[in-house]
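Undergrad: any chance you could fold what I've pasted below:
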Amino acid sequence: MLDCFRKSASTPTPSLILKLISLQVFMTRRDALTCIHEPFGDAFYHGPERMSSRYESDEQARIDSGFDQSTFRTILDRIEKESAEVRITPSSGKRIFVKDMVYYLVPPNGAPPSIAPSLARKKRGVGTFEPQPDAVANSTKLAPFPYATEPELRNPTVVPSDILGRFHFTFLIRHPRYSVPSYYRCTVPPLAEVTGFHTFMPSEAGYDELRRVFDYLRVVGQVGPKIASKDVGVNEGMNSNANDNEVEICVLDADDLLDDPAGIIAAYCKSVGIGYHEQMLNWDSEEDQKQAEDAFEKWKGFHEDAMNSRGLVPRKHKKNAKSEEEEDREWREKFGAEGAKVIRQTVDANVKDYEYLKQFALTA
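TA: Reported below is the predicted structural model:
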């Protein structure tokens, strides 16, 4: 999962984060943040530039979503518009906080990336670029992935590097032994009838995409080399500008967050420059609940646990990992033999990427 704060010359940066409970934490800070929940999923699943095949054979579902004309450009325009509204009163110090899934920006299943048509530019003379007219003038001419556009060197996403550079990225991870079965549950009955996700797609685990984007941002010097909450840096593979970068490598592990909410959120706030208040761990007011309901409305069934919560408190006992035999038995009881097999395969395929990212996780 990815969080980002949008950067500008006059205001602090916006950010992308990837876990629902974390979004509710920051939605409590209406004085400092304007939160946007998973906007890029609109283009990834439903729009004319869609990369996911989930609704490819169901045009009516795309239309009913209300996002069948959403492109990566229209989404970025929305973020820019909200950012401009925030800048109307710069004394407020407010920032745009975008919680999203990084795999929405990356072609699924390792397909080679190229820039989304609505964001592609063509050269006009030396050093000048302009948007491709077909992409701007008529979004119906945009085609689902793969795009007939050029890729950017090393960039694993469909978003140009100059646009990525406007954001301050942070990352939320969780061990796939917990996240994968939780997601699988949303794609099978009875919950699938609510979510509308009737097929489990292993590519939506997102760890491979997260790691590739994470490494790309490090290599180009957009994050790092300093690791948040640690007096060390990571310089291997960095370019010559990396040492001048003020954006720390900021990775949160969801289980660390559940064990020590106050400590981890305080460390996170320090890294991204947000004042930490204890009230951020409580969203029991009517206004907080209404904001959560509005934010999660378009992803029915996925966020009920978060919506029904009223705050974040340390769990009484740390979660001890079960043996593979215990996990497999539990998954068979819940999802049947075939479900357990698919979950195991998906978990095993993503463990290395999780463990790689885990080494950068901040500590309280």
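
Undergrad: am I right that Pro156 is in contact with Arg212?
TA: Yes: applying Cβ atoms under 8 Å as the test, Pro156 and Arg212 come out as touching, 4.4 Å apart. Just so you know, the C-beta spots here come from the backbone N, C-alpha and C atoms, and that holds for glycine as well.

Undergrad: shared neighbours of these two, anything?
TA: Val106 (Cβ atoms under 8 Å, 6 or more residues apart in numbering).

Undergrad: check which residues of the longest helix belonging to the chain are buried.
TA: In the chain, with assignment by DSSP state H, the single longest helix is helix 324-358. Neighbour counts over helix 324-358 (16 or more other Cβ atoms under 10 Å) mark 327-328, 331-332, 335, 339-340, 342-344, 346-347, 350, 353-354, 357 as buried.

Undergrad: and the two most separated of those residues?
TA: Within those, Arg332 and Leu357 form the most distant pair, 28.7 Å apart (Cβ to Cβ).

Undergrad: helices of the stretch 1-150 of the chain, start to end?
TA: Listed in chain order, the helices of the stretch 1-150 of the chain (DSSP state H, counting those that start in this stretch) span 20-27, 40-45, 59-65, 72-87, 133-137.

Undergrad: can you check the stretch 151-300 of the chain too?
TA: 161-164, 176-185, 192-195, 207-219, 254-259, 261-272, 286-296.

Undergrad: any chance of those in JSON lines, plus mean neighbour count and mean pLDDT?
TA: What follows is the helices of the stretch 151-300 of the chain, written out as JSON lines (neighbours: other Cβ atoms under 10 Å; pLDDT from 0 to 100):
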{"stretch": "helix 161-164", "mean neighbour count": "15", "mean pLDDT": "94"}
{"stretch": "helix 176-185", "mean neighbour count": "20", "mean pLDDT": "95"}
{"stretch": "helix 192-195", "mean neighbour count": "14", "mean pLDDT": "91"}
{"stretch": "helix 207-219", "mean neighbour count": "21", "mean pLDDT": "96"}
{"stretch": "helix 254-259", "mean neighbour count": "19", "mean pLDDT": "91"}
{"stretch": "helix 261-272", "mean neighbour count": "20", "mean pLDDT": "92"}
{"stretch": "helix 286-296", "mean neighbour count": "15", "mean pLDDT": "61"}
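
Undergrad: which one of those lies closest to Gly233?
TA: Gly233 lies closest to helix 207-219 among the helices of the stretch 151-300 of the chain, at 10.5 Å (Cβ to Cβ).

Undergrad: packing partners of that closest one?
TA: Helices and strands touching helix 207-219, by 3 or more Cβ pairs under 8 Å, 6 or more residues apart in numbering; DSSP states H and E, are strand 167-173, helix 324-358.

Undergrad: please compute how far stretch 31-39 lies from its chain's middle.
TA: Counting by Cα atoms, centre = their mean, to the nearest Å, stretch 31-39 is centred 13 Å from the centre of its parent chain.

Undergrad: show me where pLDDT drops low in the stretch 251-364 of the chain?
TA: The model of the stretch 251-364 of the chain has pLDDT under 70 over residues 284-285, 287-310.

Undergrad: try it again with 90
TA: 258, 269, 272-321 (pLDDT under 90).

Undergrad: where do the strands sit along the stretch 101-250 of the chain?
TA: Ranges of strands in the stretch 101-250 of the chain, per DSSP state E, counting those that start in this stretch, are 121-123, 129-131, 167-173.

Undergrad: lowest average pLDDT across those strands?
TA: When the strands of the stretch 101-250 of the chain are compared by mean pLDDT, strand 129-131 comes last with a mean of 45.

Undergrad: if we can go back for a sec, lowest-confidence stretch among the helices of the stretch 1-150 of the chain?
TA: Among those, helix 133-137 carries the lowest mean pLDDT, a mean of 39.

Undergrad: quick check, pLDDT for Gly125.
TA: Note on Gly125: pLDDT of 44.

Undergrad: same question but for Glu246, I mixed them up
TA: pLDDT, Glu246: 80.

Undergrad: now for it, how many residues are close by?
TA: Summarising burial for Glu246: neighbours were counted as other Cβ atoms under 10 Å, giving 8.

Undergrad: go on, Val102?
TA: Val102 is flanked by 25 other residues according to other Cβ under 10 Å.

Undergrad: my read is that it contacts Asp208, right?
TA: No: in this structure, Val102 is not within contact of Asp208 by Cβ under 8 Å, at 10.0 Å.

Undergrad: tilt between the longest helix of the chain and helix 176-185?
TA: For helix 324-358 against helix 176-185, the angle by axes from the mean of the first three to the mean of the last three Cα atoms, to 10 degrees is 110 degrees.

Undergrad: what's helix 324-358 packed up against?
TA: Using 3+ Cβ pairs under 8 Å, 6+ apart: helix 324-358 touches strand 167-173, helix 176-185, helix 207-219, strand 251-253.

Undergrad: TSV for the ones you listed, including distance to Glu152?
TA: Listed next are these as TSV, based on distance: least, Cβ to Cβ, whole Å:
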stretch	distance to Glu152
strand 167-173	16
helix 176-185	29
helix 207-219	10
strand 251-253	24
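
Undergrad: out of those, which gets nearest to Ile63?
TA: In terms of Cβ to Cβ, the element of the helices and strands packed on helix 324-358 nearest to Ile63 is helix 176-185, at 25.6 Å.
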